[in-house]
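> What follows is a protein structure lacking sequence information:
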């Protein structure tokens, strides 16, 4: 516990998720917002694959754009790049930070698809900062308020049991198994 009575956390800010088409939001919104306040913020971490390098074969498949990142910028901002965690450790990992940033893949944003992150980030012991288009965030909130049934599709079959468990706590949101 810190001197002001707040529970100490490993990170002040954390992003849990792979860098698969997420750099646009991170570079346009998040990093510019962090730059002027960086000296006043403790540890910042990005947990997931491909924040430090594209996977082998990305260039051969013409997928480099999906994994782009500016490692110098991340280093200048002292952002720690951490390896991915198992889906069973996402909520405990998120709980290790005061604030968690949630970005969404452009395709999912366009299709307004809910993923397991919507459940995980609000279940973790953290303050969620969800970077969504305003109409998408309103649609999620309004669906529950209006009693509109909403289907959230998992991003991996292994995530199904936990997503199903979390969705059972809501009245109008249900989890579905996504195979891709």
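Cool, the structure landed. Bear in mind the structure is a predicted one, so any value in this text is a computation, not a measurement.

> Find the residue at the geometric middle of the protein.
Centroid check for the chain by Cα atoms, centre = their mean gives residue 102 as the closest residue, at 3.3 Å.

> Who are the contact partners of it?
Residue 102 is in contact with 15, 17, 117, 121, 128, 129, 130, 131, 132, counting by Cβ atoms under 8 Å, 6 or more residues apart in numbering. From N, CA and C alone the C-beta is placed, and that goes for glycine too.

> Assign the closest residue to residue 41 other than its chain neighbours to helix, strand or coil.
Distances taken as Cβ to Cβ, 6 or more residues apart in numbering put residue 12 closest to residue 41, at 5.0 Å, once the chain neighbours are dropped. Following DSSP: H, G, I helix; E, B strand; the rest coil, we place residue 12 in the strand state.

> Residue 12 touches residue 45, doesn't it?
No - using Cβ atoms under 8 Å, residue 12 is not in contact with residue 45, being 9.3 Å away.

> follow-up on the earlier one: got a ChimeraX select line for the buried ones in the contacts of residue 102?
Listed next is the ChimeraX selection for buried residues among the contacts of residue 102, using 16 or more other Cβ atoms under 10 Å:
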select :15,17,117,121,128,130,131,132
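
> Could you dump the contacts of residue 102 into CSV and include pLDDT and secondary structure?
Output for the contacts of residue 102, formatted as CSV (pLDDT from 0 to 100; DSSP: H, G, I helix; E, B strand; the rest coil):
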residue, pLDDT, secondary structure
15, 94, strand
17, 89, coil
117, 73, helix
121, 82, helix
128, 84, strand
129, 81, strand
130, 77, strand
131, 74, coil
132, 61, coil
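
> and which of the contacts of residue 102 is nearest residue 29?
Using Cβ to Cβ, residue 131 comes nearest to residue 29 of the contacts of residue 102, at 6.2 Å.

> What residues does the closest one make contact with?
Applying Cβ under 8 Å, 6+ apart to residue 131 gives the contacts 25, 29, 30, 101, 102, 103, 104.

> Which of those fall within helices?
Among the contacts of residue 131, the residues falling in helices (DSSP state H) are residue 25.

> would you list every one of the strands in the chain?
11-16, 44-47, 79-82, 97-102, 127-130, 150-153, 173-176 (DSSP state E).

> which one of those strands lies closest to residue 161?
In terms of Cβ to Cβ, the element of the strands of the chain nearest to residue 161 is strand 173-176, at 9.5 Å.

> Would you give the sheet partners of that closest one, along with the direction of each?
Here strand 173-176 has these sheet partners by DSSP bridges: strand 150-153 (parallel).
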